Each structure stands twice: as structure tokens, then as C-alpha cells.
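Peer 1: Coordinates for the following, if possible.
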Amino acid sequence: MKLTVKNISGGDAGELEVKFPVITDGRGTQAVHDTVVAHMAAQRMGTACTKNVGDVNGTNRKPWRQKGTGRARAGSFASPLWRGGGVVFGPKPRDFSKKVNAKTRDLALRKAFSERLKAGEVTVVEDFNLGAPKTKECVKALAALKLDGSTLVVTGPESKNLTLAARNLEKVSLATPESVNTYQLLHPKNLVFTRGAYEKFEQRLGE
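Peer 2: Numbering: from 1, shown residues only. The predicted structure is shown next:
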């Protein structure tokens, strides 16, 4: 499989050979599911907290005597039946993270990228160097590449102008070849790699 390399103006700048083994069968589907579920679970704060009967501030005195009042018997102001009382089986702070083995994560990454490649949703550019750190420069470059909708640009950490220009664009996100994960590969409509970033990412897939 070969990818057409474009320049930032949208013109052709050569071809790039896909060297890592593209997954063409159904292998890796479950790995992608497990990895994405674990990623989404890790985003949860897990800070929801309610007070049970023992946590509610108040006295342990019996509200009224057991018999003779005509009212239902009551033993505590913190009863879950009362307004301001404790909560039964309410949420407590917890860790939602899930463990995913390294081999499963690697397989999911290769599977996700293979599917995007086969769908023709990966664009490789020679470089993404902007002349100035201006949002309109980034918008102009994406328009020249005929990319609309959510876009992930994978480039090196040295692209300071691109980092400053893209941070005001809601549907544009940036990543490095070392940090990009399975969820980031699947979520946006378009994937854009610079040639250098693609080569580093391909090395990561081949490890």
C-alpha cells in the first residue's frame, strides 16, 4: 500500500510506502473495544460522593418517644426516609480505571490505524510549518488539503506556530507520534500526519 504525500498547498509531493503490517482480517476488534472503553473510563473523575446515615451531621437523640404520640415510630433524625437524612447506597469516590495489557493496546493501535488507512482517511503532508502563529493560516492550510470536520494533526513537538494557530479551532487537535492513542485515531473525521511524524509512528507500530 502506498500513500500520496501532499504539500501544505494541497499539491502532490511524492509517495510513501506503508511498511508496517496492515491488519486486513477481523483480528483486533475486541482489543480496540477494550482499549477505548478503558480510555473513556479513565476520563471519569470518580469524585461523586453522598452522605450515608453515619455521615449526616446531627444528634443521635430519638426524635420523639416510641409510643403515645400517634405518630410513626422514629429512631433517628438521619433516617433515609427523612428530608436531610442519609442516602442509601449512594455513590462514593472510586477509581473507574481499567487495566489493559500492553500487547492489547498495541494490537488496538495497529487495528485502528489499519482501518483508517483502508478507508482512505489518512493524509500525509511533507510538513505543516506555518509562516505565522495565526489561526487563519491553519484554516487556509486545511482548506487547501480539502479537510473539513474534526481533524487530528500528528506532528513533532517543534511545530510551535501550528500549536498556537490550532488552539482556537474547536475541531482541530494536535498530537505527537509518541503520544497518539487508539481513541484519538478513531474519534476525528480526518487524520493528518507530517512525513516525519508518520515515519516515527510507523516505527512505533512495528515494535
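Peer 1: residues making contact with the lengthiest helix in the chain?
Peer 2: Identified as the longest helix of the chain according to DSSP state H is helix 102-118. With Cβ atoms under 8 Å, 6 or more residues apart in numbering as the test, helix 102-118 has contacts from 1, 3, 18, 20-24, 27-29, 31-32, 34-36, 122, 181-182, 185-186, 191, 201, 204-205, 207. (Glycine included, C-beta is placed from N, CA and C.)
Peer 1: What subset of these is buried?
Peer 2: 3, 20, 23, 28, 31-32, 34-36, 122, 181-182, 185-186, 191, 201, 205 (16 or more other Cβ atoms under 10 Å).
Peer 1: Sitting in strands, which of those do you find?
Peer 2: Counted as lying in strands by DSSP state E, out of the buried ones among the contacts of helix 102-118, are 3, 122, 191.
Peer 1: Same list, these, but as TSV with pLDDT and distance to Ala175 please.
Peer 2: As requested, these are exported to TSV (pLDDT from 0 to 100; distance: Cβ to Cβ, whole Å):
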residue	pLDDT	distance to Ala175
Leu3	86	18
Val122	92	14
Leu191	94	10
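Peer 1: in this structure, which segments are predicted with low confidence?
Peer 2: 207 (pLDDT under 70).
Peer 1: repeat that with 80
Peer 2: 1, 157-159, 207 (pLDDT under 80).
Peer 1: Of the contacts of helix 102-118, which belong to helices?
Peer 2: Those of the contacts of helix 102-118 lying in helices (DSSP H): 29, 31-32, 34-36, 182, 185-186, 201, 204-205.
Peer 1: which one of the residues you listed is nearest Gly54?
Peer 2: Asp34 (37.6 Å; Cβ to Cβ).
Peer 1: for that closest one, what are its contacts?
Peer 2: Per Cβ under 8 Å, 6+ apart, neighbours of Asp34: 98, 100, 104, 108.
Peer 1: ok, and the closest non-adjacent residue to Lys84?
Peer 2: To be clear, residue 84 is Gly; Lys isn't right here. Closest residue in space to Gly84, ignoring its immediate chain neighbours: Val56 at 7.2 Å, by Cβ to Cβ, 6 or more residues apart in numbering.
Peer 1: so that neighbour makes contact with Gly86?
Peer 2: Yes: counting by Cβ atoms under 8 Å, Val56 does reach Gly86; the two are 4.9 Å apart.
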